[in-house]
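Visitor: Structure for this input, please:
(one chain, ligands or ions: 2)
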Amino acid sequence: SSLHDFLVAVPKVENHLHVEGTLEPAMLFAFAARNHVELPKEPEWANVESLKARYSKFTCLDDFLRYIYLGASVLVKAADFEELAWAYFVKAASMRVRHVEVSFDPQMHTVRGVSYDVIVEGLMAAKRRAVKQLGMTIEYIACIHRHLPLADSTALVDVILERRHLTDGTICGVGLVSSEKPFPPVMFADLFKRVAPTGTKLTAHVGEEVGPEAVREALQCLNVSRVDHGLTAAQDPKLLEELARSRTLLTLCPWSNVALGILPELSQSPVRRFLDAGVRFSINSDDPAYDGAYLQDVYCRVQDTFNLTLEEWDWIVRGGIEGSWVGEERMKELL
Ligand code: ADE
Ligand code: ZN
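Guide: Residues are numbered from 1 along each chain as shown. Ligands and ions are numbered 1, 2, ... in the order given. Okay, the predicted model is just below:
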């Protein structure tokens, strides 16, 4: 469409991107070899092509999560985390992404014996390079895993607070990720209350596979200022009104929803409903190496499906910037 050139040229922000979700199969196999990590024996793990073919057939969130956890097992050293994040930043810069809010899942690695400090060392090294060499800004969001025993998440919060990473600029926000179904937000209310006094930003993955009640619960019990996905909020007109009034950012990942089998096709994404309701939302990639689409592709696929106007794209891109977690000065530069 005529807007294609605009969508390539427009400076972008990405509010919802998991660094572990940028692990391309080629890098996965290279890291496994150099770190002597054994991968599963199933035929889908034979090579890059067979693994990509399996990624194209995810049936639900948990099916996808199994693969991202297995993939992450090749990340062992600080240098692995640095190389992974750096490769994404280079790709992001080539798509004119000016600012990224990068989620990372410490427990995906600490459960395998990789220390929290090793992860952060690698990620911060990549951030310093990207800021200096690519002129991007980057903020990290530490995400709590919902499916692990609460004691494990408590131990993570203990370390983050002990390191003072929520107040020294290392980590800008705390999120909640992984299996949504049997783990309602209220289970994490006390943990979120422990980190809130630092002034850290709060978000949670909700309304991806569970209905609008999960979005309401995250807003009420966790006091999040942002909602990751929030797809099912579209089913609740009153909730849409409240989200519009409070200008809460939903970080939509329309292509991820299709790739994970949550939506049958992109046309089923409630992009129009959110626009009509005046809800602030941004378009994001989520786990591009697993979903098969980086931010530029996601923008273009959304445009091919919905044929949005320039004004509608302005609302979306602006929403991501105004809802992003940067200081006033940087926000002015991005707008
Ligand atoms: N971790 C990475 N991607 C995720 C998603 N889409 N939902 C929940 N947890 C995730
Ligand atoms: Zn996500």
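Visitor: Give me the below-cutoff pLDDT ranges for the protein.
Guide: 1 (pLDDT under 70).
Visitor: Any residues of it in contact with ligand 1? List them.
Guide: 18, 21, 61, 68, 177-178, 205, 208, 256, 286-287 (CB under 6 Å from any ligand atom). Quick note: C-beta positions are derived from backbone N, CA and C, even for glycine.
Visitor: just checking, which of those belong to strands?
Guide: Counting by DSSP state E, the residues of the chain next to ligand 1 place 18, 177, 205 in strands.
Visitor: Skipping its backbone neighbours, what lies nearest the first one in space?
Guide: Think residue 18. residue 103 (4.8 Å; CB to CB, 6 or more residues apart in numbering).
Visitor: Doesn't that neighbour lie inside a strand?
Guide: Yes. Counting by DSSP: H, G, I helix; E, B strand; the rest coil, residue 103 is found in a strand.
Visitor: Distance of it relative to residue 300?
Guide: Taking CB to CB, to the nearest Å as the measure, residue 103 falls 23 Å from residue 300.
Visitor: In the stretch 51-200 of the chain, mark out all the strands, start to finish.
Guide: Assigned by DSSP state E, counting those that start in this stretch, the stretch 51-200 of the chain shows strands spanning 97-104, 137-145, 173-177.
Visitor: Can you show me the helices along the stretch 101-250 of the chain?
Guide: Remark: helices assigned in the stretch 101-250 of the chain by DSSP state H, counting those that start in this stretch are 106-110, 116-129, 150-162, 189-195, 212-217, 237-246.
Visitor: Could I have the CA atoms of the shortest one written out in PDB?
Guide: Put plainly, it is helix 106-110. Taking C-alpha atoms only, helix 106-110 is exported to PDB below (Å, rounded to 0.1, in the frame of the first residue of the first chain):
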ATOM      1  CA  PRO A 106      15.800 -14.100  35.000                       C
ATOM      2  CA  GLN A 107      14.100 -17.300  36.200                       C
ATOM      3  CA  MET A 108      14.400 -18.900  32.700                       C
ATOM      4  CA  HIS A 109      18.100 -19.000  33.500                       C
ATOM      5  CA  THR A 110      18.500 -19.100  37.200                       C
END
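Visitor: Nearest to ligand 1: which residue in the stretch 151-300 of the chain?
Guide: residue 177 (3.7 Å; CB to the nearest ligand atom).
Visitor: my guess is that residue meets residue 146, correct?
Guide: Yes. Using CB atoms under 8 Å, residue 177 is in contact with residue 146, at 6.9 Å.
Visitor: Kindly state the beta-bridge partners for the closest residue in space to the residue of the stretch 151-300 of the chain closest to ligand 1 that isn't next to it in sequence.
Guide: Nearest in space to residue 177, with sequence neighbours left out and distances taken as CB to CB, 6+ apart, is residue 143 at 4.3 Å. Beta-bridge partners recorded for residue 143 (DSSP bridges): residue 175.
Visitor: Distance of residue 174 relative to residue 191?
Guide: Taking CB to CB, one finds residue 174 at 8 Å from residue 191.
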